[in-house]
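**Student:** everything below, folded, please.
(one chain, ligands or ions: 2)
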Amino acid sequence: MNALNVTEYVQTLGLQAKVASALMASASAAIKNVALRSLASQLRAQAPQLKEANSLDLARARAAGLAEPMVDRLKLTDQVLETCAQGCEQLAAMPDVIGEIVGMNQQPSGIRVGRMRVPIGVFGMIYESRPNVTIEAASLAIKSGNAAILRGGSEAIESNRALALLVQQALQAAGLPQDAVQLVQTTDREAVGQLIAMPAFVDVIIPRGGKGLIERISAGAKVPVIKHLDGNCHSYVDDPCDLDMALRVVDNAKTQKYSPCNASESLLVARAVAPEFLPRIGAVFAKKQVEMRVCAESMALLAPISGAKLVPATEQDWAEEYLAPVISIKVVAGVDEAIAHINRYSSHHTDAILTRDHLHAQQFLREVDSASVMVNASTRFADGFEYGLGAEIGISTDKFHARGPVGIEGLTSLKWVVLGQGEVRG
Ligand SMILES: NC(=O)C1=CN([C@@H]2O[C@H](COP(=O)(O)OP(=O)(O)OC[C@H]3O[C@@H](n4cnc5c(N)ncnc54)[C@H](OP(=O)(O)O)[C@@H]3O)[C@@H](O)[C@H]2O)C=CC1
Ligand SMILES: N[C@@H](CCC(=O)OP(=O)(O)O)C(=O)O
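**Tutor:** Numbering: from 1, shown residues only. Ligands and ions are numbered 1, 2, ... in the order given. Next comes the predicted model:
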(Lines give C-alpha, C1' and ligand atoms only; values in the text may rest on other atoms or scores of the structure.)
(Ligands and ions follow the chains in the order given, each with its own letter.)
Protein backbone atom coordinates (compact mmCIF):
# COMPACT_ATOMS: atom_id res chain seq x y z
CA MET A 1 0.00 0.00 0.00
CA ASN A 2 1.40 3.45 -0.85
CA ALA A 3 0.74 6.55 1.31
CA LEU A 4 -2.28 7.62 -0.76
CA ASN A 5 -3.78 4.16 -0.57
CA VAL A 6 -3.23 4.05 3.19
CA THR A 7 -5.07 7.35 3.58
CA GLU A 8 -8.00 6.15 1.49
CA TYR A 9 -8.04 2.79 3.23
CA VAL A 10 -8.20 4.29 6.74
CA GLN A 11 -10.83 6.81 5.64
CA THR A 12 -12.94 3.91 4.39
CA LEU A 13 -12.60 2.21 7.76
CA GLY A 14 -13.69 5.47 9.37
CA LEU A 15 -16.77 5.84 7.19
CA GLN A 16 -17.77 2.22 7.78
CA ALA A 17 -17.26 2.61 11.54
CA LYS A 18 -19.41 5.74 11.62
CA VAL A 19 -22.27 3.93 9.91
CA ALA A 20 -21.89 0.92 12.22
CA SER A 21 -21.76 3.09 15.35
CA ALA A 22 -25.33 4.34 14.83
CA LEU A 23 -26.58 0.74 14.62
CA MET A 24 -24.55 -0.27 17.68
CA ALA A 25 -25.90 2.62 19.74
CA SER A 26 -29.44 1.39 19.22
CA ALA A 27 -28.73 -2.35 19.51
CA SER A 28 -30.52 -4.13 22.33
CA ALA A 29 -28.64 -5.50 25.31
CA ALA A 30 -29.80 -9.02 24.39
CA ILE A 31 -28.33 -8.87 20.87
CA LYS A 32 -25.02 -7.44 22.07
CA ASN A 33 -24.84 -10.25 24.62
CA VAL A 34 -25.51 -12.86 21.90
CA ALA A 35 -22.51 -11.48 19.99
CA LEU A 36 -20.32 -11.64 23.11
CA ARG A 37 -21.31 -15.23 23.93
CA SER A 38 -20.84 -16.28 20.32
CA LEU A 39 -17.36 -14.72 20.37
CA ALA A 40 -16.54 -16.61 23.57
CA SER A 41 -17.52 -19.95 22.07
CA GLN A 42 -15.62 -19.23 18.83
CA LEU A 43 -12.47 -18.34 20.81
CA ARG A 44 -12.62 -21.82 22.33
CA ALA A 45 -13.63 -23.63 19.15
CA GLN A 46 -11.02 -21.90 16.99
CA ALA A 47 -8.18 -22.09 19.51
CA PRO A 48 -5.96 -24.30 17.28
CA GLN A 49 -6.28 -21.91 14.30
CA LEU A 50 -5.67 -18.88 16.51
CA LYS A 51 -2.55 -20.46 17.99
CA GLU A 52 -1.32 -21.29 14.50
CA ALA A 53 -1.64 -17.67 13.42
CA ASN A 54 0.06 -16.66 16.66
CA SER A 55 2.96 -19.03 15.99
CA LEU A 56 3.78 -17.03 12.83
CA ASP A 57 4.04 -13.85 14.92
CA LEU A 58 6.11 -15.62 17.57
CA ALA A 59 8.54 -17.04 15.02
CA ARG A 60 9.02 -13.61 13.43
CA ALA A 61 9.47 -11.95 16.84
CA ARG A 62 12.05 -14.48 17.99
CA ALA A 63 13.96 -14.23 14.71
CA ALA A 64 14.03 -10.45 15.18
CA GLY A 65 15.46 -10.91 18.70
CA LEU A 66 12.49 -9.48 20.62
CA ALA A 67 13.15 -9.44 24.39
CA GLU A 68 11.62 -12.39 26.29
CA PRO A 69 9.08 -10.34 28.33
CA MET A 70 7.79 -8.88 25.04
CA VAL A 71 7.62 -12.34 23.42
CA ASP A 72 5.69 -13.46 26.49
CA ARG A 73 3.01 -10.78 26.08
CA LEU A 74 2.67 -11.74 22.39
CA LYS A 75 1.67 -15.32 23.21
CA LEU A 76 -1.85 -16.65 22.64
CA THR A 77 -1.85 -19.71 24.84
CA ASP A 78 -4.88 -21.85 25.72
CA GLN A 79 -4.98 -20.05 29.04
CA VAL A 80 -4.92 -16.59 27.45
CA LEU A 81 -7.70 -17.59 25.02
CA GLU A 82 -9.77 -19.08 27.83
CA THR A 83 -9.37 -15.87 29.87
CA CYS A 84 -10.51 -13.87 26.82
CA ALA A 85 -13.53 -16.14 26.38
CA GLN A 86 -14.44 -15.85 30.06
CA GLY A 87 -14.05 -12.08 29.85
CA CYS A 88 -16.60 -11.96 26.99
CA GLU A 89 -19.01 -14.10 28.99
CA GLN A 90 -18.57 -11.95 32.09
CA LEU A 91 -19.29 -8.81 30.08
CA ALA A 92 -22.40 -10.48 28.63
CA ALA A 93 -23.59 -11.22 32.16
CA MET A 94 -23.10 -7.64 33.33
CA PRO A 95 -26.02 -5.19 33.30
CA ASP A 96 -26.26 -2.96 30.24
CA VAL A 97 -25.69 0.65 31.25
CA ILE A 98 -26.53 2.10 27.84
CA GLY A 99 -29.75 4.09 27.99
CA GLU A 100 -29.70 4.12 31.80
CA ILE A 101 -31.00 7.41 33.19
CA VAL A 102 -29.51 8.68 36.43
CA GLY A 103 -30.16 11.62 38.78
CA MET A 104 -33.66 12.48 37.49
CA ASN A 105 -34.88 15.45 39.55
CA GLN A 106 -37.90 17.73 39.19
CA GLN A 107 -37.01 21.43 38.92
CA PRO A 108 -39.11 24.38 40.20
CA SER A 109 -40.31 24.98 36.62
CA GLY A 110 -41.87 21.52 36.56
CA ILE A 111 -39.42 19.92 34.12
CA ARG A 112 -37.62 16.76 35.18
CA VAL A 113 -33.87 16.75 34.44
CA GLY A 114 -31.55 13.75 34.47
CA ARG A 115 -28.69 12.21 32.55
CA MET A 116 -28.65 9.28 30.13
CA ARG A 117 -25.60 7.07 29.53
CA VAL A 118 -24.77 6.80 25.81
CA PRO A 119 -21.89 5.38 23.76
CA ILE A 120 -19.17 7.79 22.65
CA GLY A 121 -19.52 6.68 19.00
CA VAL A 122 -16.33 5.55 17.27
CA PHE A 123 -13.06 5.06 19.11
CA GLY A 124 -9.73 4.43 17.45
CA MET A 125 -7.24 2.49 19.51
CA ILE A 126 -3.50 2.05 18.98
CA TYR A 127 -1.92 -0.52 21.23
CA GLU A 128 1.04 -2.75 21.90
CA SER A 129 1.73 -6.20 20.45
CA ARG A 130 -0.52 -8.03 22.92
CA PRO A 131 -3.23 -9.88 20.96
CA ASN A 132 -5.58 -10.43 23.92
CA VAL A 133 -6.09 -6.63 23.95
CA THR A 134 -7.85 -7.05 20.58
CA ILE A 135 -10.52 -9.16 22.28
CA GLU A 136 -10.77 -6.95 25.38
CA ALA A 137 -11.20 -3.83 23.23
CA ALA A 138 -13.63 -5.53 20.83
CA SER A 139 -15.79 -6.97 23.61
CA LEU A 140 -15.93 -3.65 25.44
CA ALA A 141 -16.85 -1.88 22.19
CA ILE A 142 -19.72 -4.33 21.66
CA LYS A 143 -21.04 -4.13 25.23
CA SER A 144 -20.83 -0.33 25.32
CA GLY A 145 -22.54 0.08 21.92
CA ASN A 146 -19.58 1.74 20.25
CA ALA A 147 -17.72 1.05 17.02
CA ALA A 148 -13.95 0.58 17.18
CA ILE A 149 -11.04 0.79 14.77
CA LEU A 150 -8.18 -1.20 16.25
CA ARG A 151 -4.53 -0.75 15.34
CA GLY A 152 -2.50 -3.34 17.27
CA GLY A 153 1.27 -3.64 17.41
CA SER A 154 2.89 -4.83 14.20
CA GLU A 155 4.51 -7.89 15.83
CA ALA A 156 0.99 -9.24 16.50
CA ILE A 157 -0.52 -8.68 13.04
CA GLU A 158 -1.24 -12.34 12.16
CA SER A 159 -2.80 -13.05 15.55
CA ASN A 160 -4.87 -9.87 15.38
CA ARG A 161 -6.13 -10.66 11.88
CA ALA A 162 -7.33 -14.07 13.04
CA LEU A 163 -8.97 -12.64 16.16
CA ALA A 164 -10.63 -9.75 14.33
CA LEU A 165 -12.14 -12.20 11.85
CA LEU A 166 -13.78 -14.09 14.74
CA VAL A 167 -15.11 -10.85 16.20
CA GLN A 168 -16.67 -9.88 12.88
CA GLN A 169 -18.21 -13.34 12.50
CA ALA A 170 -19.71 -13.06 16.00
CA LEU A 171 -21.14 -9.64 15.21
CA GLN A 172 -22.67 -10.90 11.98
CA ALA A 173 -24.09 -14.01 13.64
CA ALA A 174 -25.88 -11.78 16.14
CA GLY A 175 -27.27 -9.53 13.39
CA LEU A 176 -24.96 -6.62 14.25
CA PRO A 177 -22.83 -4.72 11.70
CA GLN A 178 -19.47 -6.42 11.25
CA ASP A 179 -17.84 -3.02 10.77
CA ALA A 180 -18.52 -2.28 14.44
CA VAL A 181 -15.05 -3.70 15.09
CA GLN A 182 -12.43 -3.28 12.37
CA LEU A 183 -8.75 -4.03 12.48
CA VAL A 184 -6.31 -1.83 10.60
CA GLN A 185 -4.86 -4.53 8.37
CA THR A 186 -1.64 -2.74 7.48
CA THR A 187 1.34 -2.25 9.81
CA ASP A 188 2.29 0.94 7.95
CA ARG A 189 2.47 3.65 10.63
CA GLU A 190 0.98 6.12 8.15
CA ALA A 191 -2.32 4.48 9.06
CA VAL A 192 -1.88 5.74 12.63
CA GLY A 193 -1.30 9.27 11.32
CA GLN A 194 -4.54 9.07 9.35
CA LEU A 195 -6.58 7.41 12.11
CA ILE A 196 -5.86 10.22 14.56
CA ALA A 197 -6.79 12.93 12.08
CA MET A 198 -10.36 12.06 11.04
CA PRO A 199 -12.72 14.08 13.26
CA ALA A 200 -15.56 13.37 10.83
CA PHE A 201 -15.39 9.65 11.61
CA VAL A 202 -13.53 9.09 14.88
CA ASP A 203 -14.74 10.58 18.18
CA VAL A 204 -11.83 9.67 20.42
CA ILE A 205 -8.36 8.13 20.12
CA ILE A 206 -6.99 5.79 22.76
CA PRO A 207 -3.22 5.30 22.49
CA ARG A 208 -1.65 2.56 24.65
CA GLY A 209 2.09 2.76 24.45
CA GLY A 210 5.32 4.52 25.22
CA LYS A 211 6.91 7.89 24.54
CA GLY A 212 7.38 7.50 20.76
CA LEU A 213 3.69 6.86 20.31
CA ILE A 214 2.62 9.79 22.41
CA GLU A 215 4.92 12.16 20.52
CA ARG A 216 3.24 11.08 17.30
CA ILE A 217 -0.22 11.47 18.81
CA SER A 218 0.52 14.87 20.33
CA ALA A 219 1.85 16.12 17.00
CA GLY A 220 -0.97 14.82 14.82
CA ALA A 221 -4.20 14.21 16.74
CA LYS A 222 -7.20 16.20 15.57
CA VAL A 223 -9.66 14.44 17.90
CA PRO A 224 -9.74 14.10 21.72
CA VAL A 225 -7.28 11.61 23.17
CA ILE A 226 -7.43 9.41 26.28
CA LYS A 227 -3.78 8.62 26.92
CA HIS A 228 -2.78 5.19 28.24
CA LEU A 229 0.90 5.68 28.75
CA ASP A 230 3.92 4.31 30.49
CA GLY A 231 3.94 3.07 34.05
CA ASN A 232 6.85 4.14 36.22
CA CYS A 233 5.14 2.62 39.27
CA HIS A 234 6.53 2.74 42.82
CA SER A 235 6.29 0.52 45.87
CA TYR A 236 7.19 2.36 49.10
CA VAL A 237 8.06 0.33 52.22
CA ASP A 238 7.18 2.54 55.17
CA ASP A 239 8.16 2.60 58.84
CA PRO A 240 6.37 0.86 60.55
CA CYS A 241 5.64 -2.03 58.22
CA ASP A 242 4.99 -5.77 58.30
CA LEU A 243 8.18 -6.68 56.45
CA ASP A 244 7.10 -10.25 55.63
CA MET A 245 4.06 -8.82 53.89
CA ALA A 246 6.19 -6.17 52.17
CA LEU A 247 8.57 -8.86 50.90
CA ARG A 248 5.71 -10.81 49.28
CA VAL A 249 4.08 -7.74 47.78
CA VAL A 250 7.22 -6.06 46.43
CA ASP A 251 8.42 -9.36 44.93
CA ASN A 252 5.05 -9.76 43.19
CA ALA A 253 4.93 -6.12 42.07
CA LYS A 254 8.32 -6.42 40.35
CA THR A 255 8.73 -10.02 39.25
CA GLN A 256 5.31 -11.60 38.62
CA LYS A 257 5.59 -10.23 35.05
CA TYR A 258 8.16 -7.79 33.75
CA SER A 259 6.40 -6.30 30.69
CA PRO A 260 3.15 -4.77 32.05
CA CYS A 261 2.80 -1.08 32.67
CA ASN A 262 1.64 -1.77 36.26
CA ALA A 263 4.82 -3.62 37.34
CA SER A 264 6.79 -1.67 39.97
CA GLU A 265 9.89 -0.10 38.49
CA SER A 266 11.07 1.65 41.62
CA LEU A 267 11.36 0.62 45.28
CA LEU A 268 11.56 3.24 48.03
CA VAL A 269 12.41 2.14 51.57
CA ALA A 270 12.14 4.13 54.81
CA ARG A 271 15.56 4.54 56.44
CA ALA A 272 14.45 2.97 59.74
CA VAL A 273 13.49 -0.36 58.13
CA ALA A 274 16.10 -0.40 55.32
CA PRO A 275 18.82 -2.35 57.24
CA GLU A 276 16.35 -5.19 57.83
CA PHE A 277 14.29 -5.05 54.63
CA LEU A 278 16.81 -4.33 51.88
CA PRO A 279 19.02 -7.42 52.42
CA ARG A 280 15.88 -9.61 52.38
CA ILE A 281 14.36 -8.19 49.17
CA GLY A 282 17.86 -7.92 47.67
CA ALA A 283 18.34 -11.68 48.14
CA VAL A 284 15.02 -12.33 46.35
CA PHE A 285 16.02 -10.09 43.44
CA ALA A 286 19.50 -11.61 43.29
CA LYS A 287 18.00 -15.10 43.03
CA LYS A 288 15.74 -13.97 40.19
CA GLN A 289 18.57 -12.13 38.43
CA VAL A 290 16.88 -8.75 38.79
CA GLU A 291 19.39 -5.95 38.31
CA MET A 292 19.23 -3.30 41.06
CA ARG A 293 20.02 0.36 40.27
CA VAL A 294 20.65 1.71 43.74
CA CYS A 295 21.38 4.86 45.75
CA ALA A 296 24.61 4.94 47.79
CA GLU A 297 22.85 4.00 51.04
CA SER A 298 21.15 1.00 49.44
CA MET A 299 24.45 -0.06 47.86
CA ALA A 300 26.07 -0.34 51.29
CA LEU A 301 23.21 -2.53 52.57
CA LEU A 302 22.96 -4.71 49.45
CA ALA A 303 26.66 -5.19 48.64
CA PRO A 304 27.13 -8.26 50.91
CA ILE A 305 24.46 -10.27 49.03
CA SER A 306 26.12 -12.90 46.91
CA GLY A 307 25.13 -12.81 43.24
CA ALA A 308 23.39 -9.42 43.49
CA LYS A 309 23.57 -7.39 40.27
CA LEU A 310 24.14 -3.87 41.67
CA VAL A 311 24.60 -0.71 39.62
CA PRO A 312 24.83 2.84 41.05
CA ALA A 313 21.62 4.66 40.10
CA THR A 314 21.74 7.80 37.98
CA GLU A 315 19.14 10.58 38.00
CA GLN A 316 17.66 8.99 34.85
CA ASP A 317 16.93 5.75 36.74
CA TRP A 318 14.36 7.41 39.01
CA ALA A 319 12.26 8.28 35.94
CA GLU A 320 12.83 5.05 34.01
CA GLU A 321 10.24 2.42 33.05
CA TYR A 322 12.37 -0.70 32.44
CA LEU A 323 9.75 -3.35 31.51
CA ALA A 324 12.56 -5.79 32.28
CA PRO A 325 14.25 -7.52 35.25
CA VAL A 326 15.63 -4.20 36.49
CA ILE A 327 14.49 -2.06 39.44
CA SER A 328 15.67 1.21 40.95
CA ILE A 329 16.03 1.33 44.74
CA LYS A 330 16.31 4.35 47.03
CA VAL A 331 16.36 4.86 50.79
CA VAL A 332 14.19 7.80 51.93
CA ALA A 333 13.71 9.48 55.30
CA GLY A 334 10.03 8.54 55.54
CA VAL A 335 6.59 9.03 54.06
CA ASP A 336 6.99 12.77 53.24
CA GLU A 337 10.12 12.18 51.17
CA ALA A 338 8.57 9.11 49.53
CA ILE A 339 5.51 11.11 48.41
CA ALA A 340 7.67 13.99 47.15
CA HIS A 341 9.89 11.57 45.18
CA ILE A 342 6.89 9.75 43.68
CA ASN A 343 5.13 12.96 42.65
CA ARG A 344 8.34 14.11 40.97
CA TYR A 345 9.34 10.95 39.10
CA SER A 346 6.23 8.75 38.78
CA SER A 347 4.33 8.60 35.50
CA HIS A 348 1.16 9.00 37.62
CA HIS A 349 -0.07 5.52 36.72
CA THR A 350 -0.03 3.43 39.96
CA ASP A 351 1.87 3.78 43.22
CA ALA A 352 1.65 1.83 46.49
CA ILE A 353 2.57 2.24 50.16
CA LEU A 354 3.23 -0.76 52.40
CA THR A 355 2.61 0.34 55.95
CA ARG A 356 1.17 -0.34 59.38
CA ASP A 357 0.52 3.34 60.03
CA HIS A 358 -3.05 4.41 59.30
CA LEU A 359 -2.21 8.12 59.10
CA HIS A 360 0.67 7.48 56.68
CA ALA A 361 -1.69 5.40 54.54
CA GLN A 362 -4.29 8.19 54.48
CA GLN A 363 -1.64 10.80 53.65
CA PHE A 364 -0.30 8.66 50.80
CA LEU A 365 -3.80 8.14 49.34
CA ARG A 366 -4.55 11.87 49.47
CA GLU A 367 -1.23 13.30 48.32
CA VAL A 368 0.12 10.93 45.67
CA ASP A 369 -1.11 12.28 42.34
CA SER A 370 -1.59 9.02 40.43
CA ALA A 371 -4.47 7.23 38.70
CA SER A 372 -4.37 4.40 41.26
CA VAL A 373 -2.98 4.73 44.79
CA MET A 374 -2.75 1.58 46.86
CA VAL A 375 -2.20 0.56 50.47
CA ASN A 376 -0.63 -2.82 51.26
CA ALA A 377 -1.23 -4.26 47.77
CA SER A 378 0.78 -5.05 44.66
CA THR A 379 0.79 -2.43 41.89
CA ARG A 380 0.11 -5.37 39.52
CA PHE A 381 -3.55 -5.17 40.62
CA ALA A 382 -4.08 -2.01 38.53
CA ASP A 383 -6.17 -3.78 35.93
CA GLY A 384 -9.79 -3.56 34.77
CA PHE A 385 -10.54 -7.22 35.36
CA GLU A 386 -9.02 -7.10 38.87
CA TYR A 387 -11.04 -3.93 39.63
CA GLY A 388 -14.28 -5.68 38.66
CA LEU A 389 -14.81 -3.94 35.30
CA GLY A 390 -15.04 -7.24 33.39
CA ALA A 391 -12.31 -6.20 30.95
CA GLU A 392 -10.24 -3.12 30.26
CA ILE A 393 -9.37 -0.84 27.41
CA GLY A 394 -6.20 0.02 29.31
CA ILE A 395 -5.05 2.20 32.16
CA SER A 396 -5.62 5.85 31.50
CA THR A 397 -2.84 8.14 32.67
CA ASP A 398 -5.00 11.16 31.79
CA LYS A 399 -7.01 13.04 34.38
CA PHE A 400 -10.01 13.91 32.26
CA HIS A 401 -12.93 11.73 31.25
CA ALA A 402 -11.40 8.48 32.47
CA ARG A 403 -8.57 7.86 34.94
CA GLY A 404 -6.95 4.48 35.72
CA PRO A 405 -8.43 1.21 34.40
CA VAL A 406 -11.03 2.02 31.73
CA GLY A 407 -14.05 -0.24 31.23
CA ILE A 408 -17.55 0.24 29.86
CA GLU A 409 -18.22 3.56 31.58
CA GLY A 410 -15.04 5.08 30.18
CA LEU A 411 -16.38 4.40 26.68
CA THR A 412 -19.60 6.26 27.37
CA SER A 413 -20.71 9.75 28.22
CA LEU A 414 -23.74 11.19 29.97
CA LYS A 415 -26.11 13.39 28.02
CA TRP A 416 -28.78 15.51 29.66
CA VAL A 417 -32.39 14.46 29.25
CA VAL A 418 -35.26 16.78 30.04
CA LEU A 419 -38.84 15.53 30.42
CA GLY A 420 -41.63 18.09 30.45
CA GLN A 421 -45.36 18.35 30.09
CA GLY A 422 -45.53 21.50 28.00
CA GLU A 423 -43.69 23.76 30.46
CA VAL A 424 -42.33 27.05 29.03
CA ARG A 425 -39.57 29.24 30.50
CA GLY A 426 -40.86 32.45 32.13
N1 LIG B 1 -1.32 2.57 30.37
C2 LIG B 1 -1.62 1.44 29.76
O3 LIG B 1 -2.75 0.96 29.79
C4 LIG B 1 -0.57 0.69 29.02
C5 LIG B 1 0.66 1.26 28.74
N6 LIG B 1 1.59 0.54 28.03
C7 LIG B 1 2.89 1.15 27.78
O8 LIG B 1 3.33 0.81 26.47
C9 LIG B 1 4.73 0.68 26.45
C10 LIG B 1 5.18 -0.70 26.03
O11 LIG B 1 4.70 -1.11 24.83
P12 LIG B 1 5.49 -0.91 23.46
O13 LIG B 1 5.07 -1.96 22.52
O14 LIG B 1 6.92 -0.73 23.72
O15 LIG B 1 4.86 0.46 23.07
P16 LIG B 1 5.03 1.29 21.74
O17 LIG B 1 4.66 2.68 22.10
O18 LIG B 1 6.33 1.04 21.10
O19 LIG B 1 3.92 0.64 20.76
C20 LIG B 1 2.58 0.67 21.03
C21 LIG B 1 1.79 0.89 19.75
O22 LIG B 1 2.06 2.20 19.26
C23 LIG B 1 2.55 2.14 17.93
N24 LIG B 1 3.53 3.19 17.77
C25 LIG B 1 4.62 3.42 18.54
N26 LIG B 1 5.26 4.53 18.12
C27 LIG B 1 4.58 4.99 17.05
C28 LIG B 1 4.76 6.10 16.17
N29 LIG B 1 5.76 6.95 16.31
N30 LIG B 1 3.86 6.28 15.17
C31 LIG B 1 2.83 5.43 15.03
N32 LIG B 1 2.61 4.36 15.82
C33 LIG B 1 3.48 4.15 16.82
C34 LIG B 1 3.16 0.75 17.83
O35 LIG B 1 3.23 0.38 16.49
P36 LIG B 1 4.39 -0.56 15.90
O37 LIG B 1 3.94 -1.94 16.13
O38 LIG B 1 4.45 -0.17 14.48
O39 LIG B 1 5.66 -0.27 16.66
C40 LIG B 1 2.17 -0.05 18.63
O41 LIG B 1 1.02 -0.33 17.88
C42 LIG B 1 5.17 0.88 27.86
O43 LIG B 1 5.58 2.21 28.04
C44 LIG B 1 3.92 0.53 28.65
O45 LIG B 1 3.88 1.07 29.95
C46 LIG B 1 1.34 -0.72 27.59
C47 LIG B 1 0.14 -1.31 27.86
C48 LIG B 1 -0.90 -0.68 28.60
N1 LIG C 1 -3.76 -4.37 32.93
C2 LIG C 1 -2.88 -5.32 32.37
C3 LIG C 1 -1.56 -4.66 32.00
C4 LIG C 1 -1.55 -4.40 30.56
C5 LIG C 1 -0.17 -4.03 30.08
O6 LIG C 1 0.52 -3.21 30.64
O7 LIG C 1 0.25 -4.71 29.07
P8 LIG C 1 1.77 -4.77 28.43
O9 LIG C 1 2.46 -3.45 28.61
O10 LIG C 1 1.49 -5.10 27.05
O11 LIG C 1 2.49 -5.86 29.13
C12 LIG C 1 -2.60 -6.48 33.29
O13 LIG C 1 -2.15 -6.29 34.40
O14 LIG C 1 -2.79 -7.59 32.86
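**Student:** for this structure, what helix or strand is lowest in average pLDDT?
**Tutor:** When each helix and strand of the chain is scored by mean pLDDT, DSSP states H and E, helix 211-220 comes last, with a mean of 90.
**Student:** so what does that one touch, helix or strand wise?
**Tutor:** Under the contact criterion of 3 or more Cβ pairs under 8 Å, 6 or more residues apart in numbering; DSSP states H and E, helix 211-220 touches helix 190-195, strand 204-207. Using the backbone N, CA and C atoms, a C-beta is placed for each residue, glycine as well.
**Student:** of these, which is nearest ligand 2?
**Tutor:** When those are compared by Cβ to the nearest ligand atom, strand 204-207 sits nearest ligand 2, at 12.7 Å.
**Student:** get me the contact residues on the stretch 201-350 of the chain for ligand 2.
**Tutor:** Residues of the stretch 201-350 of the chain lying near ligand 2 by Cβ under 6 Å from any ligand atom: 259-262.
**Student:** please apply the same query to the stretch 51-200 of the chain.
**Tutor:** Checking the stretch 51-200 of the chain against ligand 2 by Cβ under 6 Å from any ligand atom, the hits are 73, 128, 130.
**Student:** residues contacting the first one?
**Tutor:** Taking Cβ atoms under 8 Å, 6 or more residues apart in numbering as the contact definition, Arg73 lies against 128-130, 259-260.
**Student:** nearest to ligand 1 among these?
**Tutor:** Nearest to ligand 1 among those, with distances taken as Cβ to the nearest ligand atom, is Glu128, at 3.6 Å.
**Student:** apart from its neighbours in sequence, what residue is nearest the closest one?
**Tutor:** Gly153 (4.8 Å; Cβ to Cβ, 6 or more residues apart in numbering).
**Student:** residue contacts, the one you found?
**Tutor:** When contacts are taken as Cβ under 8 Å, 6+ apart, Gly153 is in contact with 127-130.
**Student:** pLDDT below threshold where in the stretch 1-150 of the chain?
**Tutor:** For the stretch 1-150 of the chain, applying pLDDT under 70 flags the ranges 4.
**Student:** count of residues packed around the residue in the stretch 151-300 of the chain that ligand 1 sits nearest to?
**Tutor:** Per Cβ to the nearest ligand atom, Gly209 is where the stretch 151-300 of the chain lies closest to ligand 1, at 2.6 Å. For Gly209, the tally of surrounding residues (other Cβ atoms under 10 Å) stands at 19.
**Student:** quick check: chain neighbours aside, which residue is closest to it?
**Tutor:** Closest to Gly209 by Cβ to Cβ, 6+ apart is Glu128, at 5.9 Å.
**Student:** then Leu302?
**Tutor:** Among residues not flanking Leu302 along the chain, Gly282 sits closest, at 4.3 Å (Cβ to Cβ, 6+ apart).
**Student:** ok, the one you found to Leu166 distance?
**Tutor:** The spacing between Gly282 and Leu166, counted by Cβ to Cβ, to the nearest Å, is 46 Å.
**Student:** which of the two has more neighbours?
**Tutor:** Per other Cβ under 10 Å, whichever of Gly282 and Leu166 has more neighbours is Gly282, with 24 against 20.
**Student:** Three-state assignment for the more buried one, please.
**Tutor:** Classification of Gly282 by DSSP: H, G, I helix; E, B strand; the rest coil places it in helix.
**Student:** how close does it get to ligand 2?
**Tutor:** Using Cβ to the nearest ligand atom, to the nearest Å, Gly282 is found at 25 Å from ligand 2.
**Student:** same question, Val368
**Tutor:** Val368 is 19 Å from ligand 2, by Cβ to the nearest ligand atom.
**Student:** re the thing from before, any idea which of the residues of the stretch 51-200 of the chain next to ligand 2 is closest to Ala197?
**Tutor:** Closest approach between these and Ala197, by Cβ to Cβ: Glu128, at 21.6 Å.
**Student:** is it true that the closest one touches Gly212?
**Tutor:** No. The criterion here is Cβ atoms under 8 Å, and Glu128 misses it with Gly212 at 11.7 Å.
**Student:** of these two, give the one with the bigger neighbour count.
**Tutor:** A direct count of neighbours by other Cβ under 10 Å for Glu128 and Gly212 places Glu128 higher, at 22 against 9.
**Student:** residues contacting the residue nearest to Leu58 when sequence neighbours are not counted?
**Tutor:** Once flanking residues are discounted, Leu58 sits nearest to Leu74: 6.2 Å by Cβ to Cβ, 6+ apart. By Cβ under 8 Å, 6+ apart, the residues touching Leu74 are 54, 57-58, 61, 66, 129-131, 155-156, 159.
**Student:** could you list the domains of this protein?
**Tutor:** Domain segmentation of the chain under automatic domain parsing yields 3-228+393-419, 233-381.
**Student:** per-residue confidence at Ala303?
**Tutor:** pLDDT, Ala303: 98.
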